[in-house]
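Chemist: just need the structure, nothing else, for what follows:
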Amino acid sequence: MPRWNLNYMKLRDKLLLMYVLSVFIPIVVTNVVFYNVTSANIRSQKTRDAGMALNNLKNDLRVTIDQGVGLSYSLYTDPVFNDTISRSFQSHFEYIDAYNSYLKGQFSGQMNQGIRWYQVYTDNSTILSSGYIDRLTDDVRNSDWYVQFQAYSAPYPALISSDQMLSLVQRLDNLDTGGREQLLKIDLNMDMIKQYFHNSGFDGKVYLLDPGGHIQFSNDPTAEAQIGKRYSEIQFPNKMIPFELTYTGINYLEGWSLQGVMDEEIVLKEVRKSRSFVVWLACINFVLPSIIIAAMSRTIHVRLVRILKHMKKVKTQNFQTIPPEDARDEIGQLTMEFNRMTETIRNLIHEVYLADIQKKDLELKQQQAQLHALHSQINPHFLFNTLESVRMRSLIKGEKETAKIVHNMAKMFRKSISWNQNDVTVQEELELIESFLQIQKYRFGEKLQYTIEADPAVLMYRIPKMVILPFVENASIHGIESSPGVGIIQLFVSMENDQLHIRLTDNGIGMSQAKLEELLSYLDQNTDMGEHVGMKNAYSRLKLCYKNHFTFDIQTWEGEGTRIQIKLPLDPSAMPGD
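Modeler: This is a model prediction of the structure:
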């Protein structure tokens, strides 16, 4: 599968891709980054503002509670007041007199904005229920706030929530009460506390928790059903920002805390409004430039396609010029140059075409003439009749061996003059070589030994005639003749990797490296035939027939022998012609 290449894309797509990568994506990324940074900054600012609002609410709530604590401590430390309410009065008149002369004046002026009501409870049976003083009856002892207060034993006021009311309750036992139980219950101004909660500036829900983690007050409209529940049991959405402020270091508020919960969507509500604006802006930034680029690229694309169509016509020898246009850009210049080139090619074809055909025809005839000349050098027709006469004469005289050799020679020449084509089968070539080696065997006797082996699969393939014989001849005459020992010639023909492999070896005298280089140089030269005419002939015909589609290699070792390897293609398209 071919790799993706930028050059495969159309120019219009390249312009659009360039815009997307260089303009659109950077703009979108910049807007997204700016949006995220802005959201983070606003969230951080809102968080700080919410924390400050919650802290102000915490302080305002403490100020209100401290007003009640101030009253509580004032009565708790007043010895006359404590002695009066713990004294046993002899009659109701005595108590009324004490109330009018002291107690009534003691309670006047104690109320302030943070205190809704306060009440003193005592089990002194000589005191009448009047004003801010009341009997500590069984009904009072069974009330919720009293039951909760029994869990406190500290000398400072206890903040208790009961019946949607926050109260401060303290024992008045600073002085000896004679065993009487005396309590002060101060109800805080819940309207003021509600106003603190609703006007706190905290954009969320605020919960007042007691030391046990139970909700005692909240600005949540649905919090009435949650009063008394544990705060940890309430389920909030995931995107909530929590806040927590705990009262510490204040004995009467120790463990009480304010819990704030703010919805992140509400915090970022204004920022979320700009998100759609960013999306629309990105769409405009993409659609409008895309239309402009498409319109501009179309003018380029149409003109380039027109040039391409005319170029394809030139491939089919239709030299039609492009209609001229009033354009001075690069495409206009390209159109002008194409028309000029087309006119030039048309003129060149008319002027050179016929001369080139004549030249090619002449070169072809020259190559055919050269090929026939090469054939004629090893195709002596006139010798055939002479050899036939010598063979008949030898048979008349009873020289059968001589007649056999002459018959092989005649057969060689008969094949030579009977071939009407430039190529023969491998089998026919090997039969010719067999006849030649039998003649050489007659000449050298036992000094010459030879073997011919061929793969049966290659026998019917066609090769140029007499391209192996000259090398066998060179091996027997130049290699074996000068060798002092028994000469061995081996010929192997096989098929490997769609190639015809011809390997010829001998154990003759070989040649030096310098002489080998001289021989190879001689074979490659386009000169007239000289020495080694047979090898030169065969090598030249191989080049004419196969061009660069064959392999020829000579290896020689001085005094040891020579090996020649020829590899011819078996592809029909590379086969020599008839």
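Chemist: how about low-confidence regions in the stretch 351-500 of the chain?
Modeler: 352-404, 406-422 (pLDDT under 70).
Chemist: going along the chain, name the strands of it.
Modeler: Here the stretch 351-500 of the chain has its strands, by DSSP state E, counting those that start in this stretch, at 423-425, 448-454, 462-464, 487-496, 499-506.
Chemist: between the last one and strand 487-496, how many degrees?
Modeler: So the one you mean is strand 499-506. Orientation note: strand 499-506 sits at an angle of 170 degrees relative to strand 487-496 (axes from the mean of the first three to the mean of the last three C-alpha atoms, to 10 degrees).
Chemist: and the closest residue to Arg12 other than its chain neighbours, what element?
Modeler: Closest residue to Arg12 apart from its sequence neighbours, by C-beta to C-beta, 6 or more residues apart in numbering: Ser297 at 3.9 Å. Using the backbone N, CA and C atoms, a C-beta is placed for each residue, glycine as well. Ser297 is part of helix 269-315 when elements are defined by DSSP states H and E.
Chemist: which neighbouring elements make contact with that helix?
Modeler: Using 3 or more C-beta pairs under 8 Å, 6 or more residues apart in numbering; DSSP states H and E as the contact test, the elements touching helix 269-315 are helix 11-19, helix 25-76, helix 330-377.
Chemist: surely Gln259 forms part of a strand?
Modeler: Yes. Counting by DSSP: H, G, I helix; E, B strand; the rest coil, Gln259 falls inside a strand.
Chemist: can you tell me which residues contact it?
Modeler: With contacts defined as C-beta atoms under 8 Å, 6 or more residues apart in numbering, Gln259 is in contact with Val206, Tyr207, Leu209, Tyr231, Pro242, Phe243, Glu244.
Chemist: that older thread, can you redo the strands of the stretch 351-500 of the chain as CSV with distance to Gln320 and mean neighbour count?
Modeler: Listed next are the strands of the stretch 351-500 of the chain as CSV, based on distance: least, C-beta to C-beta, whole Å; neighbours: other C-beta atoms under 10 Å:
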stretch, distance to Gln320, mean neighbour count
strand 423-425, 45, 17
strand 448-454, 58, 16
strand 462-464, 46, 22
strand 487-496, 51, 18
strand 499-506, 47, 20
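Chemist: closest one to Lys10 among those?
Modeler: Among those, strand 499-506 comes nearest to Lys10, with 44.9 Å by C-beta to C-beta.
Chemist: and the next element down the chain from that closest one?
Modeler: Following strand 499-506 toward the C-terminus (DSSP H and E): helix 513-524.
Chemist: okay, buried residues for that following helix please.
Modeler: Within helix 513-524, the residues scored as buried using 16 or more other C-beta atoms under 10 Å are Leu516, Leu519, Tyr522, Leu523.
Chemist: so which of these comes closest to Leu16?
Modeler: Minimum distance to Leu16 across those is 61.6 Å, recorded for Leu523 (C-beta to C-beta).
Chemist: pull the distance from the helix holding Ser297 to the chain's centre.
Modeler: Remark: helix 269-315 is offset 26 Å from the chain centroid, using C-alpha atoms, centre = their mean, to the nearest Å.
Chemist: offset the numbering so it begins at 583, please.
Modeler: Renumbered: residue one is now 583, and that last one reads helix 851-897.
Chemist: pLDDT on it, on average?
Modeler: Mean pLDDT, helix 851-897: 75.
Chemist: do stretch 602-614 as well
Modeler: Per-residue pLDDT over stretch 602-614 has a mean of 79.
Chemist: Tyr1104 against Lys1118, yeah?
Modeler: Yes. Tyr1104 lies in contact with Lys1118 (C-beta atoms under 8 Å); the separation is 7.0 Å.
Chemist: and Thr759, that's in a strand?
Modeler: No. With three-state DSSP as the criterion, Thr759 is assigned coil and is not in a strand.
Chemist: let me see the contact set for it.
Modeler: Residues near Thr759 by C-beta under 8 Å, 6+ apart: Asn664, Ser668.
Chemist: can you do 6 Å?
Modeler: Ser668 (C-beta atoms under 6 Å, 6 or more residues apart in numbering).
Chemist: for Ile768, same thing?
Modeler: Contacts of Ile768 (C-beta under 6 Å, 6+ apart): Gly650, Leu653, Ser654, Ile697, Tyr700, Leu750.
Chemist: give me that answer again for 8 Å
Modeler: Shown in contact with Ile768 (C-beta under 8 Å, 6+ apart): Gly650, Leu653, Ser654, Ile697, Trp699, Tyr700, Pro739, Ser749, Leu750, Val751.
Chemist: how far away is the residue nearest to Arg594 from Asp642?
Modeler: Separation of Ser879 from Asp642 (C-beta to C-beta, to the nearest Å) stands at 68 Å.
Chemist: neighbours of Gly783, how many?
Modeler: Using other C-beta atoms under 10 Å, Gly783 has 12 neighbouring residues.
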